[in-house]
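**Student:** I'd like to go over a predicted model; first the sequence, then the structure.
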Amino acid sequence: MVYKSMIDNFKNQITKQLKELIPLSEEEISNLLEVPPKQDMGDYAFPCFTLAKVLRKAPPKIAEDLVNQLVLEPYFSEIKVVGPYINFYYNKILYIQSVLKSIIDWDQSKISSIGDGKTIVIDFSSPNIAKPFSIAHLRSTSIGNSLSLIYKYMGYHVVKINHLGDWGTSFGKLIVAYKLWGKPEELESNPIKKLLELYIRFHKELDDKPELDDNAKMWFKKLEDKDDEATRLWSWFKDLSLKEFNRMYDILGVDFDKYWGESFYQDKIEGVLDLLNQKRLVNESQGATIVDLGEYEMPPVLLKKQDGATLYATRDLAAALFRWDQFQFDEMIYVVGGEQELHFKQVFKVLELMDFQWVSRCHHVPFGLIQFKDGKMSTREGKIIFLEDVIEKAKSLALQKIEETLMEKGESGQLSNEEKNQRALIVGISSVIFSDLKNHRQRDILFDWDEMLNPKGETGIYLQYAHARLSGILRNFSRRIGDIKTDDIQISEAASFDIAKELSLFQERIIHAGNIKEPSVIAKYLLDLGQSFSTYYRANQVINEQNIPLSYERLLTVLAVKKILSDGLKLLGIQPLDEM
RNA sequence: GGGUCGAUAGCUCAAUUGGAUAGAGCAACAGCCUUCUAAGCUGUAGGUUGCAGGUUCGAUCCCUGCUCGACUCACCA
């Protein structure tokens, strides 16, 4: 990528010179070079520990000897020894200029060619039909969506699959509950809520009437056997739910290439079972069909229940085979909660036993649960928070703030209600998505209304605000000073040095995030960048009518930060706002 | 009991995968709106990185043991 290669000049000067002085290759030197933890320690540091053994000298002595032989012009302004480290200080002006101009000139839709010609299949979101889209589903959805955007940005061909939970025993339960207590017109008017009520009531009454469970199993078996009534009800429930889910996906700005739910693989299961039989992997146990994994210290995988009905592991196997057949992916990732870790280990093990080498390309990407103060979220107990309620609440807080601000500025009538609502919605979604993505995947999240809706500090709102301020400066600039021309601008002041350094990290952070499948890396990065910029523009007035050249110069920083912030937010699935 | 993951400032979390004096935000306190949007900025205070060992020049990070918590361990997904 463009700006990376320009920055490489700085590093290359170090490696080329050091290579002549010490018994290490350029690559080894490059790997050893690190960024010091503190500003006043310079911009690059070369640690001399590893040389100590080879040269049989103390690291500080080695550093002393080397530093006198290094030439610093033009890329560095100073080279200093601090203990066992050689610290290099950039020529700030040259550095800022390199970084800013190359970012601004760069107009690619992707940041790397790492993924060129490679396909990643990503299975995420996958909500259960007939259950509400809760705050818990947000995790898989936001992490999966962000990862797919990151991979696309890295050059991969990405296939997004929504593995809808549209098959299984819970449909038996729903059918039973509906036949007992449901009313068609109620369901049509408020499908998800009414379906949820049926589901909850089923489990409530189960305590007194254990026979309900057998009934449910029977109805699911009927569904698998293509019973007319069962199929009709199932398909109706599914339509109602999908309509609701798609509404949420629209709000979140998430889409999928394939809506291949569990039911989609129904007609592919027999083939898989045949294959397993051929490979002699199948056993009977207690009336159920299983694959015994005792040898690998895992519980058995259940393929069929006593009554012959399939289970989710069966469908996951069929899904994996079918997806391989369709895409020959270089990698397939399942963005699914950590509680299913064992399940995926088992499924992958079975695929391995079936001699499918490509199983090494399959990865479970687990994430932590959302917990309440008094324990786990539970659909059955109705202990659940609807994502839509969270977004709605976040939105109404944002709307209130927008109106306050307009009032203060005396511009109350200036904005249409529609525009206000639109902005408030984006702000609300930003804070909800960001509060999810800023945490390490694997951490459990304690659900806390105050924290999720907090407009201050390390939040999506903070980043939106920074982006809006950047956009505002650009607007004001062209209005007051004229068109923005960035050609041939020279940098003369070092004020934006810290920001330039932050900006130069963008590419490696994206790639790192993709490699460890961790969107929070980007979230943290954007917060750092936002903070650097907030400090910068508070201290340095960009538009200065008395000094137009200086204005142009500072404008480069604004342009570059806006570009990176905007791209970064988009990678998290957040739409950047130009005005707040 | 077995397995997996986690434990860092009062609270929520970082720490570029083994490097220099462990950093942010929230809450608290003290400042900053005749200057491009104060959803902001500056400063103060806050630490035996759960405990005990080990590996080495060097450990929040790797190894062992323990404590606490979450998840999971055959007919739910």
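**Tutor:** It's in. Numbers count the residues shown, from 1 in each chain, chains lettered A, B, ... in the order given.
**Student:** separation between the residue of the stretch 51-200 of chain A found nearest RNA strand B and residue A:68?
**Tutor:** At 2.5 Å from RNA strand B, residue A:168 is the closest residue in the stretch 51-200 of chain A, using C-beta to the nearest atom of the strand. (Each C-beta comes from the backbone N, C-alpha and C, glycine too.) According to C-beta to C-beta, to the nearest Å, residue A:168 stands 73 Å off from residue A:68.
**Student:** The two: which has the busier surroundings?
**Tutor:** residue A:168 (20 against 8; other C-beta atoms under 10 Å).
**Student:** what pLDDT does that one get?
**Tutor:** pLDDT recorded at residue A:168 is 88.
**Student:** what does the one 10 residues further on give?
**Tutor:** At residue A:178, the predicted lDDT confidence score is 94.
**Student:** do the same with residue A:323
**Tutor:** Value for residue A:323, per-residue pLDDT: 98.
**Student:** and if you look at residue A:193?
**Tutor:** Reported pLDDT at residue A:193 in the predicted model: 86.
**Student:** Correct me if wrong: it contacts residue A:130.
**Tutor:** No: in this structure, residue A:193 is not within contact of residue A:130 by C-beta atoms under 8 Å, at 11.0 Å.
**Student:** quick one: contacts for the nearest residue to residue A:260 once chain neighbours are set aside?
**Tutor:** Nearest-residue entry for residue A:260: residue A:161, 5.7 Å, with adjacent residues in sequence omitted and distances by C-beta to C-beta, 6 or more residues apart in numbering. Residues in contact with residue A:161 (C-beta atoms under 8 Å, 6 or more residues apart in numbering) are A:121, A:122, A:123, A:124, A:256, A:257, A:258, A:260, A:323.
**Student:** Filter these down to the ones in helices?
**Tutor:** Among the contacts of residue A:161, DSSP state H puts residue A:323 in helices.
**Student:** Out of the contacts of residue A:161, which comes closest to residue A:427?
**Tutor:** residue A:124 (24.5 Å; C-beta to C-beta).
**Student:** Would you confirm that that closest one contacts residue A:149?
**Tutor:** No: with contacts counted by C-beta under 8 Å, residue A:124 stays clear of residue A:149, the gap being 11.7 Å.
**Student:** okay, these two: which has more neighbours?
**Tutor:** Shown here are residue A:124 and residue A:149; by other C-beta under 10 Å, residue A:124 has more neighbours (26 against 21).
**Student:** Show me which of residue A:193 and residue A:130 is the more surrounded one.
**Tutor:** residue A:130 (27 against 14).
**Student:** The more buried one and residue A:378: what is the separation?
**Tutor:** 16 Å.
**Student:** Can you tell me the SS state at the closest residue to RNA strand B within chain A?
**Tutor:** The minimum distance from chain A to RNA strand B, using C-beta to the nearest atom of the strand, falls at residue A:457 (2.0 Å). Recorded secondary structure, residue A:457: coil (DSSP: H, G, I helix; E, B strand; the rest coil).
**Student:** Might one say that residue A:355 is in contact with residue A:279?
**Tutor:** Yes: Residue A:355 lies in contact with residue A:279 (C-beta under 8 Å); the separation is 7.4 Å.
**Student:** So which of these two has more stuff around it?
**Tutor:** residue A:279 (13 against 8).
**Student:** Got the phi and psi for residue A:128?
**Tutor:** The phi/psi pair for residue A:128 (degrees, to the nearest 10) reads phi -90, psi 130.
**Student:** Based on its surroundings, how many neighbours for the nearest residue to residue A:472 once chain neighbours are set aside?
**Tutor:** Nearest residue to residue A:472 in three dimensions, chain neighbours excluded: residue A:579, at 6.9 Å (C-beta to C-beta, 6+ apart). Residue neighbour count, defined by other C-beta under 10 Å, stands at 13 for residue A:579.
**Student:** How about residue A:335?
**Tutor:** Neighbour number of residue A:335 under other C-beta under 10 Å is 27.
**Student:** same question, the one 10 residues further on
**Tutor:** Taking other C-beta under 10 Å as the criterion, the count of residues near residue A:345 is 14.
**Student:** check which helix or strand covers it.
**Tutor:** Residue A:345 belongs to helix A:341-353 when assigned by DSSP states H and E.
**Student:** C-alpha coordinates for that helix, PDB please?
**Tutor:** Output of helix A:341-353 as PDB, limited to C-alpha atoms (Å, rounded to 0.1, in the frame of the first residue of the first chain):
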ATOM      1  CA  GLU A 341     -16.700 -24.800  22.000                       C
ATOM      2  CA  LEU A 342     -17.000 -28.500  22.600                       C
ATOM      3  CA  HIS A 343     -19.600 -28.900  19.900                       C
ATOM      4  CA  PHE A 344     -17.300 -27.500  17.300                       C
ATOM      5  CA  LYS A 345     -14.400 -29.500  18.500                       C
ATOM      6  CA  GLN A 346     -16.500 -32.600  18.100                       C
ATOM      7  CA  VAL A 347     -17.800 -31.600  14.700                       C
ATOM      8  CA  PHE A 348     -14.200 -30.800  13.500                       C
ATOM      9  CA  LYS A 349     -13.000 -34.000  14.900                       C
ATOM     10  CA  VAL A 350     -15.600 -36.000  13.000                       C
ATOM     11  CA  LEU A 351     -14.700 -34.200   9.800                       C
ATOM     12  CA  GLU A 352     -11.100 -35.100  10.400                       C
ATOM     13  CA  LEU A 353     -12.000 -38.700  10.900                       C
END
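**Student:** how about the strands in chain A?
**Tutor:** For chain A, the strands defined by DSSP state E occupy A:44-47, A:76-82, A:85-90, A:119-123, A:157-161, A:282-285, A:288-291, A:301-304, A:331-335, A:362-365, A:370-372, A:375-376, A:445-446.
**Student:** got a list of contacts for the first one?
**Tutor:** Contact with strand A:44-47 is made by A:10-11, A:14, A:18, A:29, A:32-36, A:59, A:63, A:84-88, as judged by C-beta under 8 Å, 6+ apart.
**Student:** Domain-wise, how is chain A divided?
**Tutor:** A:2-90, A:119-265+A:315-376, A:387-571 (automatic domain parsing).
**Student:** okay if I get the ones you listed as TSV plus distance to residue A:292?
**Tutor:** Output for the domains of chain A, formatted as TSV (distance: least, C-beta to C-beta, whole Å):
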stretch	distance to residue A:292
domain A:2-90	46
domain A:119-265+A:315-376	10
domain A:387-571	30
